[in-house]
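Colleague: Next one to model:
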Amino acid sequence: MEDSKQSPQVKPSGELPSILNPKFPNSNAIFHLFPKLSTELREMIWEQSLTCERYIKVQLCTINKSTGRRCRMSGKVRRLTGPYQTLLHYAPKRSALFSTSVESRASAQRFYRVVLPCLYVRKSPSTIDSLDISEQNVEHNPQISALSYVPPSPHTPYTKDQVLMPGTFSLNPELDTFEIDGWPLLANFASDIWNHDPRRAGLCHIAFPCDLLSSTLEFCRLPQYAISEEQLRQVLTRLRSVTFIHYTVVDRIFLANTEAHKYPANRQPLLQYGCSLPVAGARGNFSRQQDPRLIGHEVLKSIYFDLPSILALTNPHQRWTEMVEKLRVTTSCVYKIAYTTERFKSRISCESEAVAFLKHESEGWSKQLDKWEESLQEHGRRRHQKTAEHFRGAVETAIGFWTFPIESCGQFSQVHNPSEHRLGCFYDLSAARPELCLFDL
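Modeller: You can find the predicted model right below:
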């Protein structure tokens, strides 16, 4: 992780905005004295190299007994009587320690001590190198090593070449945050983690994606979906944090152009504004820190959400706390609102995807800056520096998300609508300085 005390946010003249996320250099260096260290010290080093928070998106769905089709829980409230499955669209990267040595593998297995079955959603069977493919499934059921996939929800992105591959995934409950798609099955998923956890920590950190369809997050129905209220109460008692994350599907260049009326004579703040907004990552290791970039106060005073009102921002948390109070859960839990942007429901999962995104967006910025300069010329104003010069001093793009304490939501306010044809609004979030959750690429 780059030292937040450094100033990586200012780029040399003529250089396009780059990525803030840490990129670790490849090295073939070998520490020859490592085998001579004591076993206890080696184990400490292995564990330290594994200790990092991870963000993992899971999709929970049931299986129709008659058709075998995977589906979401229906609108009719009912308890789960059949099996359910965990789908991973973006599998967490498998630690290299699983294949470094016998000792490192044993250490990694102790660290990621909970192992659950899952189905990996992939574009083709050839993309299995980094997955925990279940050897037993492949050995005894080779014909189902790749199954055709149809998403259980019409809102889930789908391409015809997607397949399902049986496997397992390993987790560390204290460090892993799970974004839950399929919240009615939360208690079942959490109970499975509890039953497979030798330390009995259970599910600790969860997140719920929120958008225009957040009205479907009817958490008051969770007790009716769970096997029993007591089961759900125990699940909620073990939770340490709940995050309500808002994915704003929008083009950052569009947002900057929408804000152009604020800076008619100088477009540099618009570039600063657009590049400041975090971009959604798919999954992976991440670190928490105060955003080290030089983000102006005016940026946080005008953050776009594709939500119709401020109530839509806070409703999911309100519904959740009402359920918690009804179940008489009294253990402390940290609640946060999270924010990030994404384009066309696609999230960046690796460095190459981040570079491709940045290249595409940089070309868009150049075209937009040219349009702004042409507009200045038409009004008889002096042409600014060359387009590339505008990128000097632009903040680096952060692949990740911002989080705000839930207590600050009461101080957020709606600023304005971008146009009468869009449902979203701009909100003033300057009452709290965001924490930046930055993915390792």
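
Colleague: Please name the residues that touch E230.
Modeller: E230 sits next to no residue when contact means C-beta atoms under 8 Å, 6 or more residues apart in numbering. C-beta: built from backbone N, CA, C; applies to glycine.

Colleague: same check, this time on Q234
Modeller: When contacts are taken as C-beta under 8 Å, 6+ apart, Q234 is in contact with W194.

Colleague: and it, backbone torsions?
Modeller: With angles defined as degrees, to the nearest 10, Q234 sits at phi -70, psi -40.

Colleague: Check what pLDDT it gets.
Modeller: pLDDT, Q234: 96.

Colleague: Please apply the same query to A265.
Modeller: Value listed for A265 in the pLDDT field: 46.

Colleague: Can you give me the neighbour number for V415?
Modeller: 14 (other C-beta atoms under 10 Å).

Colleague: Now do the domain split for the chain, please.
Modeller: Domain assignment for the chain by automatic domain parsing gives 52-175, 248-309+342-439.

Colleague: quick one: terminal-to-terminal distance for the shortest one?
Modeller: Okay, so that is domain 52-175. Chord length of domain 52-175, first to last residue, is 7 Å (C-alpha to C-alpha, to the nearest Å).

Colleague: Over to stretch 218-231?
Modeller: Stretch 218-231: ends 18 Å apart by C-alpha to C-alpha.

Colleague: Check which residues of it are buried.
Modeller: Applying a neighbour-count criterion of 16 or more other C-beta atoms under 10 Å, the buried positions in stretch 218-231 are F219, R221, L222, P223, Y225, A226.

Colleague: Over to stretch 272-288?
Modeller: 272-287.

Colleague: From these, pick the one nearest S309.
Modeller: Nearest to S309 out of those is L277 (C-beta to C-beta; 20.7 Å).

Colleague: which residues touch that closest one?
Modeller: By C-beta under 8 Å, 6+ apart, the residues touching L277 are R252, L255, V299, I303, T340, T341.

Colleague: Checking the last one next. Helix, strand or coil?
Modeller: In terms of secondary structure, T341 is strand; the call rests on DSSP: H, G, I helix; E, B strand; the rest coil.

Colleague: Columns secondary structure on top of the buried residues of stretch 218-231, output as JSON lines?
Modeller: Output for these, formatted as JSON lines (three-state DSSP):
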{"residue": "F219", "secondary structure": "helix"}
{"residue": "R221", "secondary structure": "helix"}
{"residue": "L222", "secondary structure": "helix"}
{"residue": "P223", "secondary structure": "helix"}
{"residue": "Y225", "secondary structure": "helix"}
{"residue": "A226", "secondary structure": "coil"}
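
Colleague: now, which of those sits nearest E351?
Modeller: Distances from E351 to the buried residues of stretch 218-231, taken by C-beta to C-beta, are shortest for F219, at 36.8 Å.

Colleague: residues in contact with that closest one?
Modeller: Applying C-beta under 8 Å, 6+ apart, the residues contacting F219 are W183, P316, R319, W320, E322, M323.

Colleague: Okay, the fifth one and L222: tell me how far apart.
Modeller: Meaning E322. 11 Å (C-beta to C-beta, to the nearest Å).

Colleague: The stretch 51-200 of the chain: strands as residue ranges?
Modeller: According to DSSP state E, counting those that start in this stretch, the stretch 51-200 of the chain carries its strands in the segments 53-63, 70-71, 84-88, 114-122, 147-148, 163-171, 176-181.

Colleague: Lowest average pLDDT across those strands?
Modeller: Among the strands of the stretch 51-200 of the chain, strand 147-148 scores lowest, at a mean of 44.
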